[in-house]
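Q: Give me a 3D structure for the following:
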Amino acid sequence: MDGCLSITPLKIPRPSYLSFVDLAIIEEKEKEEAILADAKIKYGDIALEFVIIYKTKPTLGVAIEGGINTRQPEPTVISIQRGGSAFESGRLKCGHTILEVNGQSLRGMEHRDAVKTIAEAFRDPSTNRLYLLVTVNQQEYP
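A: Model (predicted):
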């Protein structure tokens, strides 16, 4: 076999196929990353978190305090009731300051307007989830 090249078989990797569910998860993650990148520009260098709450229960189950007309200028979660969608999600925490709901800013809103905006977003039948952009407040809550 002088002059012949030895041929080793090539193993061609089998292409991996993504299911529709995989593609939806990837798309949702990319959307979340883009929103957080935009928010970093908008809100500066603060700890931001993107919380998705699925409407699995008839109520959101969140109590907030704060608004431009109060001593605390931004709406902050002070309690989460068991049995509500927020409790079921497990991602929203007491002490989170809600900056945006479904892309709508709550900055500069009075307390009642912020509460109304959150409630209307939860009642909106066109989507089965609520998108919250939150940051952790410096004040500690139990």
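Q: Not counting the helix or strand hosting E33 itself, show me its contacts.
A: Using DSSP states H and E, E33 sits in helix 20-43. Applying C-beta atoms under 8 Å, 6 or more residues apart in numbering, the contact partners of helix 20-43 are L18, L48, F50, I52, L99, E100, G103, Y131, L133, T135. Heads up, the C-betas are built off the backbone N, CA and C, glycines and all.
Q: give me that answer again for 6 Å
A: Residues outside helix 20-43 that contact it (C-beta atoms under 6 Å, 6 or more residues apart in numbering) are L48, F50, L133.
Q: Of these - the most surrounded one?
A: Using other C-beta atoms under 10 Å as the neighbour criterion, L133 leads the contacts of helix 20-43 with 25 neighbours.
Q: ok, D124 to T56 distance?
A: 15 Å (C-beta to C-beta, to the nearest Å).
Q: still on that earlier bit, alpha carbons of the helix holding E33, as CSV, please.
A: What follows is helix 20-43, C-alpha atoms only, in CSV (Å, rounded to 0.1, in the frame of the first residue of the first chain):
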residue,chain,number,x,y,z
PHE,A,20,-41.4,24.1,18.9
VAL,A,21,-41.3,24.3,22.7
ASP,A,22,-37.5,24.6,22.7
LEU,A,23,-37.7,27.4,20.1
ALA,A,24,-40.4,29.2,22.1
ILE,A,25,-38.2,29.0,25.3
ILE,A,26,-35.2,30.3,23.4
GLU,A,27,-37.3,33.1,21.9
GLU,A,28,-38.7,34.1,25.3
LYS,A,29,-35.2,34.1,26.8
GLU,A,30,-33.9,36.3,24.0
LYS,A,31,-36.8,38.7,24.5
GLU,A,32,-36.1,38.8,28.2
GLU,A,33,-32.4,39.6,27.7
ALA,A,34,-33.3,42.4,25.2
ILE,A,35,-35.7,43.9,27.7
LEU,A,36,-33.1,43.8,30.5
ALA,A,37,-30.5,45.3,28.2
ASP,A,38,-32.8,48.2,27.3
ALA,A,39,-33.7,48.6,31.0
LYS,A,40,-30.1,48.9,32.0
ILE,A,41,-29.8,51.8,29.6
LYS,A,42,-33.0,53.4,30.8
TYR,A,43,-32.6,52.9,34.6
